[in-house]
Structure formats: C-alpha cells, structure tokens
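# I would like to see how this sequence folds:
(chains A and B)
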Amino acid sequence: MITRRDFLKNSVLTVAGAALPLAAFEIIDPKKLMAQEAANSAKVRWVFLVDTVKCVGCGMCVKACKLENEVPYDANVTRTWVERYVLTKDGKVWADTPKGARDGFTTGKIDLNEGKFKDIRKEDIDKAFFVPKLCNQCDNPPCVQVCPVGATYQAPDGVVLVDRTWCIGCGYCIMGCPYGVRFFHPVYHTAEKCNFCYHRITKGMKTACVDACPFSARRIGNIKDPKDPVTKIIMTERVGVLKEEYGTKPQVFYIGLSKEVK
Amino acid sequence: MKNHVLRPFIVFLGIVALILIARIFLVPKDFGVGERGYMYGWHRKGNEEDWKKFPVKYMGKEYCKVCHSDKYDSINKTPHKNIICENCHGPAGTPGGIVHYDPDKRPKLEIDKSRAQCLRCHFPLPYPTSGRAKIRGIDPDKHNPDIECSTCHNPHNPMEGLR
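Residues are numbered from 1 along each chain as shown, chains lettered A, B, ... in the order given. The predicted model follows:
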C-alpha cells in the first residue's frame, strides 16, 4: 500500500529527473577541446607597433581614445596612456604620466604626484623619451584565465574583449594583468580595457589612437598577413615587448624600448 | 528510506538538479567554447557582435574631405598635414552614432583653440632620444601669453606669414 507521503515524494523525484536533459550533464572532452583550439584558422591576428623614437608625447592618442570609446573624460582612468621617462646623468630614472597624458606634456617638470614636481635641468638629462602604453592583447592572457564567469575572453582574431552584460565586477582580471591596463569603468562598474577599437578594426578602419597620432608612432597590423607593413617591420627589424619574462606573449611591439621601461 | 544519511543526500541531489535546470534557462544559448579554446575562448559569442556595433566617432580626414576639400588640400601642403581634422575640431560622430554630415542632427563641433592644444607639441622639451626635440617650440610664459596662437598663426598653414 503506497502512502500519500511516498506518492508525492516519488512523483517529485520522477518529474525532476525527467526534466533534466542530458545536455545538463555535458562532459567536456579534453581531446575535443584541443582539436578545437588547433583548428582556429583565423586569417587575422591583430598586433600593434609603437615607435618610441617618433612619439613626442602630444597625447592626441589618449584624447582620441577617451572620446572614441566613451571613457569618462575627466575621470582618472584611461584605456591607453603615454609615459615620460627622463634618465639623468646621476643614474636616476624619473617617470610620469599626468592624467595619462590626456593633455600631453606641456611642462618640463616631472609630476611626482601629491602636488610635487621635479624640475630637471637640460644639462642633467642623459636620455628622455615617451612610451605609449595600451593593452598587449597577449597570446596567453592572464586576465582571461582568472575570470570566474567567462565575461572576458579572446576573440578569434586575438583581441581580448569584456562582456559588460556578463561581468560581475570581481576585479580579478584587474589584479591579474601585469601591465595594469585594466580598470573599472566609472559608469558601467565592469572591467574595462583597450580592445584595439574592435568596432573600428572589424570595419577596416584603424584604431582611433592610430588615426589621431600625427607622427605615425602608433600602427596596427595583421601579423598573419606577410604583406602587411607592420608585419614586415616586426619580422625584420629590432622590436621588443614589455615584461617578456611573464610568459604572457604580448602582441604590442616596441621600437626603441629601453630597460628602464616597466 | 528512513536512513538519516540517505535522506539529506536526496535533498542534496535535488538542489543539484534544480541548479542544473535553472542553468538551462539562465545561460545564453550562444555561450560556449570559442575558437580560442576552453582556456581563453569561454564566452558569449554574441558579445563579439555587440562590440562591433559600438558607434564610431573619429571618422578620419578622408571623411572631412567630402565637403571641406579646400581645407583638406591646403593643410596637406604644410607640416601640419599629419594632424587629422578631428584632433582640433573634435570627433564628427557622437555616442548616439549621429555623424557630422546629417543636416538635421548635426552636432556642433567645438574647436579647441587653446594654447594648451598647440603646446602639446610646441612646448620645447630638449629630449635627446625623442622626436620631440626636433619640433620648434616656444616658452608659453614669454611668447605672447594671454592670446590664442591662432590670432597670429594659421593652424592650417603654419609656415605662411603672420596674420
């Protein structure tokens, strides 16, 4: 004789069991995954080339990036920025990037933060130069590995994107990036980063910073196209990358990089 | 079925089943392993299209040329030829996607005539290993402070005689 209690219990179990489709138990086969990754036959892999000798620190790229990508103009966050390095004859390294160089460098004084400035005499300068920074769109992006929800990912063409609707704002990726290119968007409160102006490069345009640069210090190219002028330079000239020892395989290449640049 | 271990275990299984069922409805259909594999490509495919739809604001020099070919031709003969129009005149597009040529919704472009704008390049910084040292500069505190550069210099043709 079946009791009411047993009948209800068994009914709930049967219905719940039947409602579970087999797809819910999908087991991911590592072999299949490896094959999928190897089959990434994308014809495009975006890379960036920065010439630190040509850069004069005008900051037009930073201004263009902020306006193009709707990063709040007066908030002290930016997807790209320009650093100034001044190496003095006494072996010291002075570096600054006031407001990310949004307004360029219109003074010789080094901004030491907290309202302090360092004036350096012309005679004391050994070397001095500007280094634009942006997301390296690494081949081994550590920011993507640490995302617990799959909100940040690498597109088939190598660009690392953030899904604003999916990001929970935990900030692991901001901590995980060795280059410090990520920040919280002040309006959306999600992780934000340079994405090589994905809306422009996928339309055949150049990034806003590349277009705005009057000195061709910034260039973007497709490393899988051997005829691309940027590819030719990367393959035949001396170029360096930032923090190679981290094993992130950064894809922003620099001409004229110095060991003082971090 | 009266076992005190088995009964909570069934409750546990029920919770797991509920989560798995909820997952079916909450996870978008296009979520999955992308071309970059499980480690780097675990994402919602539709987001790639979302980013592609983002409105363009900096349209570039060739866009301005369509109507302003006279200015385009004249600046191209000067050392300022590499500076795109929008660097000083502001972007032609807006966050809403409206662009400058639309006569009904044409946004007013704000020209940056400030001294700071010119000083981005023309403040002299004697940096021996940078292109900056090769650009002619002025001391903004001594060279006619308080007036806009364009009062005397034509930004579209900086090499012509003073106005």
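# CA only for contacts and neighbour counts going forward, please
OK.
# give the contact list for residue 86.
Reading this off chain A. Contact partners of A:Val86, counting by CA atoms under 8 Å, 6 or more residues apart in numbering or on different chains, are A:Val93, A:Trp94, A:Ala95, A:Ile125, A:Asp126, A:Lys127, A:Ala128, A:Phe129.
# meant chain B, my bad for not saying
In this structure, B:Glu86 makes contact with A:Ala212, B:Tyr58, B:Gly60, B:Lys61, B:Ala92, judged by CA under 8 Å, 6+ apart.
# Quick check: phi and psi at A:Val82.
phi -120, psi 130 (degrees, to the nearest 10).
# Show me the contact partners of whichever strand or helix holds A:Arg200.
Of the helices and strands defined by DSSP states H and E, A:Arg200 is found in helix A:198-201. Contacts of helix A:198-201 from elsewhere in the structure, counted by CA under 8 Å, 6+ apart, are A:Val159, A:Lys206, A:Thr207, A:Ala208, B:Trp51, B:Lys52, B:Lys53, B:Phe54, B:Pro55, B:Val56.
# Can I get the residues you listed in JSON lines including neighbour count and distance to A:Gly247?
Supplementary listing: those in JSON lines, determined by neighbours: other CA atoms under 10 Å in any protein chain shown; distance: CA to CA, whole Å:
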{"residue": "A:Val159", "neighbour count": "24", "distance to A:Gly247": "17"}
{"residue": "A:Lys206", "neighbour count": "20", "distance to A:Gly247": "28"}
{"residue": "A:Thr207", "neighbour count": "24", "distance to A:Gly247": "26"}
{"residue": "A:Ala208", "neighbour count": "27", "distance to A:Gly247": "29"}
{"residue": "B:Trp51", "neighbour count": "19", "distance to A:Gly247": "28"}
{"residue": "B:Lys52", "neighbour count": "16", "distance to A:Gly247": "29"}
{"residue": "B:Lys53", "neighbour count": "15", "distance to A:Gly247": "33"}
{"residue": "B:Phe54", "neighbour count": "17", "distance to A:Gly247": "32"}
{"residue": "B:Pro55", "neighbour count": "19", "distance to A:Gly247": "34"}
{"residue": "B:Val56", "neighbour count": "25", "distance to A:Gly247": "34"}
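# Filter those residues down to just the ones in helices.
A:Ala208, B:Trp51, B:Lys52 (DSSP state H).
# Return the alpha-carbon coordinates of stretch B:105-118 using PDB.
Taking C-alpha atoms only, stretch B:105-118 is exported to PDB below (Å, rounded to 0.1, in the frame of the first residue of the first chain):
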ATOM      1  CA  LYS B 105      21.000  66.400 -36.200                       C
ATOM      2  CA  ARG B 106      24.400  67.900 -37.000                       C
ATOM      3  CA  PRO B 107      26.300  68.200 -33.700                       C
ATOM      4  CA  LYS B 108      28.200  71.500 -33.300                       C
ATOM      5  CA  LEU B 109      31.900  70.800 -33.300                       C
ATOM      6  CA  GLU B 110      33.800  72.600 -30.700                       C
ATOM      7  CA  ILE B 111      37.200  73.800 -32.000                       C
ATOM      8  CA  ASP B 112      40.000  73.600 -29.400                       C
ATOM      9  CA  LYS B 113      41.800  76.900 -29.900                       C
ATOM     10  CA  SER B 114      43.500  76.800 -26.500                       C
ATOM     11  CA  ARG B 115      47.200  77.500 -26.100                       C
ATOM     12  CA  ALA B 116      47.500  74.100 -24.400                       C
ATOM     13  CA  GLN B 117      46.400  72.400 -27.600                       C
ATOM     14  CA  CYS B 118      49.300  73.800 -29.500                       C
END
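# okay, now B:Pro155: neighbour count?
As a burial measure, B:Pro155 scores 17 neighbours (other CA atoms under 10 Å in any protein chain shown).
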